[in-house]
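J.: sequence plus the predicted model coming up.
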Amino acid sequence: MGAEAVLRDLLVWRGDPVQVLVFSLFFFLLSIVMSKLCCSRRKSDSIRLGDPRRGHRWCDMDFLHRPTYCSVCEQATVAGQCCEACGLCTCSEDKCIKQSNKEFACKVLALSARTSMKHHWQRGNTPLCSSCFVCNEPCGTEPRLCDVRCVWCRRTAHENCLGSRTTRECDMGPHRSLIIPPYALSLKVVGWRSGQRAVINQLSAPADSDGWMPLLVLANPRSGGNDGEILMRAFRSLLNPAQIFDLTEVGPESVLDLCRLLSTHRCRVLVCGGDGTVGWVLSSLDKLNLPLEPDIAICPLGTGNDLARVLGWGTGYTGEAPEDILHDVQHAKITPVDRWKVSIGRLGLLSLSRPLKTIMMNNYFGIGCDALVVLNFHKTRESRPDLFTNRIFNKAWYLGYGVKDVLDAACKNLHQKIEVELDGVRVDLPDLEGIVVTNINSWCGGCPIWTTEQILSSTLDRTLSSSMSRSGSGDLCTMRNKRTIGSITPSSSVDAPSHMDNDDVRHHSAAAGADFSADDDDDDD
């Protein structure tokens with residue numbers, strides 16, 4: 001009774017200082033506990049996947065490129081819904097969409113306690129010019145919903161040719177070395193009711209894992225011309241949808257941590273974005289310290305794509321077939337790429353340097369007019385992202401800010417405001433407006449620093465970035481005006497001085513400060 005009386009007396013509001021203090025302390029502790037629980041829940045739910053039990057991943061589609069029939073009513077259609085994972089097509093009628101969710105299974109993400117799986121056959125809408133893998137005759141030639149295709153290995157067959165072949169195990173097709181099969185993946189459901197999500201719980205190598213290099217696709221839909229969403233849809237149909245991640249929904253650290261689950265196999269990571277997105281992924285790898293770090297491939301979606309150019313991945317995405325991109329990833333060779341640590345400090349009293357920040361350089365960093373153009377571009381993009389939806393428009397913005405810089409001449413007489421030392425020797429600077437420290441032979445969207453005769457022919461091959469080399473040398477260039485880049489003659493190499501170190505780390509990030517035109521702000525547009 002005594003405890004009940006005390007509790008009743010405490011709950012009755014009197015407004016005295018002791019009661020105010022007790023209630024304030026209670027709500028303060030309650031807010032701390034709730035914030036910790038929310039953070040823990042977000043962390044455990046960081047790698048979340050769509051629940052396949054809720055049906056297909058529908059997207060609006062125009063079927064003008066091929067004859068298409070609704071899988072439910074079997075009528076021809078020119079517009080409707082298409083599942084981006086399994087490729088099931090329906091007309092725009094709501095009843096057909098609801099019926100297809102009930103009758104036709106989508107790609108299964110995970111199968112526990114199995115070592116193989118059968119074909120997942122889907123009727124109708126076979127690719128153009130496809131042939132039956134049993135009799136080698138053309139498929140889908142009749143003007144109706146006919147023949148079948150496997151959503152995993154992409155094989156097609158006539159319905160009357162299957163017979164006993166329906167029990168044949170699926171080998172995942174030509175990209176089997178990149179696909180995480182459902183029986184190698186384990187999921188668990190977290191959350192409550194409508195907030196339930198499937199998250200990756202376990203990942204193991206399949207029984208026949210010779211040459212298996214599981215691929216993780218990290219896409220930034222906002223890069224360049226916003227082609228990331230289109231590529232994610234295509235890769236979900238070619239790979240396991242659990243391998244595709246949207247960087248606007250989940251951070252790269254959470255995704256890359258999956259590599260820790262495969263202690264005996266090195267993963268490959270396809271970064272769909274600009275050089276800034278690549279730098280973001282590399283900085284996340286720095287923090288994870290994985291025992292087997294993945295090799296990085298690039299699908300260039302940015303505006304400049306300087307790193308992708310020198311590694312042979314092209315100047316930008318121009319609508320290449322996703323199958324060709326996966327083929328390039330499978331057959332790309334490994335090449336080492338330098339990463340540089342750049343320390344930025346400020347001189348204080350008695351000329352003592354005070355370190356402010358440390359960034360990692362992948363491509364280059366600049367001081368002067370080019371950094372000003374990139375900084376203005378970045379500020380405008382952050383405030384009005386709706387104006388930066390096309391690679392051509394992005395370059396037009398760069399041109400506009402470049403013209404503004406020419407007229408304003410904000411970086412005029414930069415040589416009078418800066419000192420440069422190479423190998424401890426001070427360099428006499430000419431009249432210039434910018435300085436660029438380069439690591440690759442591409443600057444500001446493809447401008448070469450060196451002559452073409454000096455470029456090795458091997459750079460024309462597509463390559464994956466691998467472990468860091470220890471060459472310890474870079475190049476320093478100056479911009480004497482807006483149109484000319486001249487190499488400094490006293491010393492064209494920087495032999496890893498104390499303020500710019502070459503690290504023996506596999507991957508490093510690239511971030512931009514307010515005064516530097518690093519690739520994080522320059523190419524991921």
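T.: Good, I have the coordinates.
J.: now do the contacts for Ala76.
T.: Contact analysis of Ala76 by CB atoms under 8 Å, 6 or more residues apart in numbering lists Pro67, Thr68, Tyr69, Cys70, Pro143. The C-beta positions use only the backbone N, C-alpha and C, and glycine is treated the same way.
J.: if we go to 6 Å?
T.: Tyr69 (CB atoms under 6 Å, 6 or more residues apart in numbering).
J.: from Asn101, how far out is it?
T.: Distance, Ala76 to Asn101, using CB to CB, to the nearest Å: 21 Å.
J.: same thing with Pro448?
T.: Distance, Pro448 to Asn101, by CB to CB: 53 Å.
J.: looking at these two, which is more packed in?
T.: Between Pro448 and Asn101, counted using other CB atoms under 10 Å, Asn101 has the larger neighbour count: 17 against 14.
J.: surely the more buried one touches Gly55?
T.: Yes - assessed by CB atoms under 6 Å, Asn101 is found in contact with Gly55 at 3.5 Å.
J.: please enumerate the strands of the stretch 301-450 of the chain.
T.: 333-335, 340-347, 353-361, 364-368, 421-422, 425-426, 434-438 (DSSP state E, counting those that start in this stretch).
J.: ok now the last one, how far from the chain's centre?
T.: Meaning strand 434-438. 27 Å (CA atoms, centre = their mean, to the nearest Å).
J.: mind listing the strands it pairs with, and their directions?
T.: Paired with strand 434-438 in the same sheet, following DSSP bridges, are strand 364-368 (antiparallel), strand 475-479 (antiparallel).
J.: got the CA coordinates for the first one in PDB?
T.: It stands for strand 364-368. Extracted C-alpha coordinates of strand 364-368, given in PDB (Å, rounded to 0.1, in the frame of the first residue of the first chain):
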ATOM      1  CA  TYR A 364      43.200  15.400 -59.400                       C
ATOM      2  CA  PHE A 365      42.700  18.400 -57.200                       C
ATOM      3  CA  GLY A 366      43.000  22.000 -58.300                       C
ATOM      4  CA  ILE A 367      43.400  25.500 -56.800                       C
ATOM      5  CA  GLY A 368      42.100  28.500 -58.700                       C
END
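J.: between that strand and strand 340-347, how big is the angle?
T.: 30 degrees (axes from the mean of the first three to the mean of the last three CA atoms, to 10 degrees).
J.: how far does strand 364-368 sit from its chain's centre?
T.: 25 Å.
J.: swap in stretch 96-116?
T.: 27 Å.
J.: what's the distance between the residue nearest to Tyr398 when sequence neighbours are not counted and Asn394?
T.: Spatially, and ignoring its direct neighbours in sequence, Tyr398 is nearest to Phe377 (6.0 Å; CB to CB, 6 or more residues apart in numbering). According to CB to CB, Phe377 and Asn394 sit 8 Å apart.
J.: show me the beta-bridge partners of Trp121.
T.: Cys150.
J.: from Cys161, how far off is it?
T.: 12 Å.
J.: what do you get for Pro181?
T.: From Pro181 over to Cys161 (counting by CB to CB), the distance is 25 Å.
J.: who has more neighbours, those two?
T.: Between Pro181 and Cys161, counting by other CB under 10 Å, Pro181 is the more crowded of the two (21 against 16).
J.: list the buried residues for the helix or strand Asn101 falls within?
T.: Assigned by DSSP states H and E, Asn101 belongs to helix 94-103. Buried residues in helix 94-103, counted by 16 or more other CB atoms under 10 Å: Cys96, Ile97, Gln99, Ser100, Asn101.
J.: quick check: closest non-adjacent residue to the first one.
T.: Nearest residue to Cys96 in three dimensions, chain neighbours excluded: Val72, at 4.1 Å (CB to CB, 6+ apart).
J.: OK, contacts around the one you found?
T.: Thr90, Cys96, Gln99, Ser100.
J.: just say which of the strands of the stretch 301-450 of the chain is most tucked in.
T.: Of the strands of the stretch 301-450 of the chain, the one with the most neighbours on average (mean count of other CB atoms under 10 Å) is strand 364-368, at a mean of 25.
J.: pLDDT of it, averaged?
T.: The predicted model assigns strand 364-368 a mean pLDDT of 85.
J.: kindly report the same for stretch 82-94.
T.: The average pLDDT within stretch 82-94 is 91.
J.: over to stretch 18-26?
T.: Stretch 18-26 shows a mean pLDDT of 79.
J.: contacts for it?
T.: Outside stretch 18-26, not a single residue reaches it (CB under 6 Å, 6+ apart).
J.: please save the CA atoms from that stretch in CSV.
T.: Once non-C-alpha atoms are left out, stretch 18-26 reads as follows in CSV (Å, rounded to 0.1, in the frame of the first residue of the first chain):
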residue,chain,number,x,y,z
VAL,A,18,10.9,18.2,-7.0
GLN,A,19,8.0,16.9,-9.2
VAL,A,20,9.1,19.0,-12.2
LEU,A,21,12.7,17.7,-11.8
VAL,A,22,11.6,14.1,-11.7
PHE,A,23,9.3,14.4,-14.7
SER,A,24,12.0,16.3,-16.7
LEU,A,25,14.5,13.6,-15.9
PHE,A,26,12.1,10.8,-16.9
